[in-house]
Every structure is written in structure tokens, then in C-alpha cells.
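Chemist: Here is a sequence together with a model predicted from it:
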Amino acid sequence: EAGVAQSPRYKIIEKRQSVAFWCNPISGHATLYWYQQILGQGPKLLIQFQNNGVVDDSQLPKDRFSAERLKGVDSTLKIQPAKLEDSAVYLCASSLNSNEQFFGPGTRLTVL
Amino acid sequence: QKEVEQDPGPLSVPEGAIVSLNCTYSNSAFQYFMWYRQYSRKGPELLMYTYSSGNKEDGRFTAQVDKSSKYISLFIRDSQPSDSATYLCAITGGGNKLTFGTGTQLKVEL
């Protein structure tokens, strides 16, 4: 069974630029999550989708972050404009119908 | 007060040692308790999952939950260099929303 795929793996941008991350969850997993993991911290949930609907986006900085999950499969997370404090690893996870979440390798973002 | 507290370490032990990793939590509504392992530059992977007080064993790993004290532990027996990673506790009250600890960095030395 293929795992959660993410791209790109690494991205370096300057502040005020925009960036987008892509996630392909495990086939058949209805729930998709985006997390932000700052160095030395645990992952923090940004947004949770159930199929293509948003379940929880309470911790998403909506003035600069946006996410979509068209057709209930792949998802993209965008940051526009980026700030220095957005430097982190962005993790995508998916789950079928339980609390067990399967994580992708993450995208490491550096904002200069 | 953070919802989940975890000592960040780093923790360094010799090969073969018993390792004890711990988290405390503040919300008594939390019902499900997980331990994830995260290797450097990888995503977290689920190690143990339990929802009741007591012990759950899986090979060299034992997860322990004490709901009365709001305290969870992960024990690793006969630790190996391949166990060197960051261990994250994750807790949820349901609805699939996980709250993670900061992670404890473990190094098992030869």
C-alpha cells in the first residue's frame, strides 16, 4: 500500500513570496490533515478535511494560509505572503475512519 | 499551561538500557493516547495506541496510561541504536483531532 505522498520535499523562498505544497493521501482515506511542525516542537494541526469539506481550520492563519481539497482526494496548502516565522516542516496526514493517522515525509520550508 | 507537556530531552542511553518516556496532560476529556516515532527528516509513524488506563505491550514497547494522574508513559526494553529518534505523545478526546507533545529526542549509543 502506497503511503502519503508530498511534494516538494524542500523549498526555500524569500519573505513575502508565495509557496504551495501538494499532498496525495492514501487511497480511500476520507480524512486529510495538514500540520505545521516548527523545529523542536510537535506537529500543530492547521486544517482537517473530511472528503472535500473542512472539519476544523481553527488554527489556520487565514490571512495568509489557504488550503483546498478538490474532488476529495489530493490537497494543496498555500502560503501568501510568507513570513520568516512560517519556516517549518509542513506535514500531511490521512486517516480512514479512526484516530490512527498516517503521515507523509513532509515539506521543509525555509523563509529567508 | 500547555494541554500536553513532554520533556524535550535529549535523552542519551547505552544500548540495551530500558528507556522511559513520559507525558502529562491537563484535559480530563482526553480519551485516546498514542505514541509516534519520528526519525530525522521523516514524518511521524504510529507506534502504540491505547484508550484505557493500564498497560499495553507490543514487542519491546509498553505504553502505560494513568488517567487519574493524567500521565502517560512509553517504555522501551533492550533499546537499540535503531530506536534513536524523536518520540511524540499524541492525545485526543475524539473527533480525530490530535494534540501532540513537543517530542523527546532519544539517542541509543553503542
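Modeler: Right, received. Where do you want to start? If you're wondering where the values come from, they're calculated on a predicted model, not measured in any experiment. Residues are numbered from 1 along each chain as shown, chains lettered A, B, ... in the order given.

Chemist: which residues does residue 99 contact?
Modeler: All of this is about chain A. For residue A:99, the contact set (CB atoms under 8 Å, 6 or more residues apart in numbering or on different chains) comprises B:32, B:34, B:49, B:92, B:94, B:96, B:98. (C-beta placed from N, C-alpha, C; glycine too.)

Chemist: nope, chain B please
Modeler: Residue B:99 touches B:3-4, B:25, B:30, B:90-92, counting by CB under 8 Å, 6+ apart.

Chemist: Intersect those residues with the contacts of chain A.
Modeler: B:4, B:90, B:92 (CB under 8 Å from any CB of the partner chain).

Chemist: For chain A, state which of the residues you listed is nearest.
Modeler: For the ones next to chain A among the contacts of residue B:99, the residue nearest chain A by CB to the nearest CB is residue B:92; the value is 5.7 Å.

Chemist: how about low-confidence regions in chain B?
Modeler: Low-confidence segments of chain B (pLDDT under 70): B:95.

Chemist: which residues in it form strands?
Modeler: B:4-6, B:11-14, B:19-25, B:32-38, B:45-50, B:54-58, B:61-66, B:71-76, B:85-92, B:99-100, B:104-109 (DSSP state E).

Chemist: In space, not sequence, find me the middle residue of chain A.
Modeler: Central residue of chain A (CA atoms, centre = their mean): residue A:34, 3.2 Å from the mean position.

Chemist: ok and the helix or strand where that one lies relative to strand B:32-38, angle-wise?
Modeler: Per DSSP states H and E, residue A:34 falls inside strand A:31-37. Computed with axes from the mean of the first three to the mean of the last three CA atoms, to 10 degrees, the direction of strand A:31-37 lies at 60 degrees from that of strand B:32-38.

Chemist: quick revisit: could I get the contacting residues of the residue nearest to the centre of chain A?
Modeler: Per CB under 8 Å, 6+ apart, neighbours of residue A:34: A:23, A:45-47, A:67, A:75, A:77, A:90-92.

Chemist: Flag the helix or strand of chain A with the lowest per-element mean pLDDT.
Modeler: One helix or strand of chain A scores below all others by mean pLDDT, DSSP states H and E: strand A:53-56, with a mean of 92.

Chemist: Strand partners (parallel or antiparallel) of that one?
Modeler: strand A:44-50 (antiparallel) (DSSP bridges).

Chemist: Convert the C-alpha atoms of the partner strand to CSV, please.
Modeler: Extracted in CSV, the C-alpha atoms of strand A:44-50 (Å, rounded to 0.1, in the frame of the first residue of the first chain):
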residue,chain,number,x,y,z
LYS,A,44,0.3,21.5,15.2
LEU,A,45,-2.9,20.9,13.2
LEU,A,46,-3.6,23.6,10.6
ILE,A,47,-6.7,22.2,8.9
GLN,A,48,-8.7,19.0,8.7
PHE,A,49,-10.7,17.9,5.7
GLN,A,50,-13.4,15.2,5.6
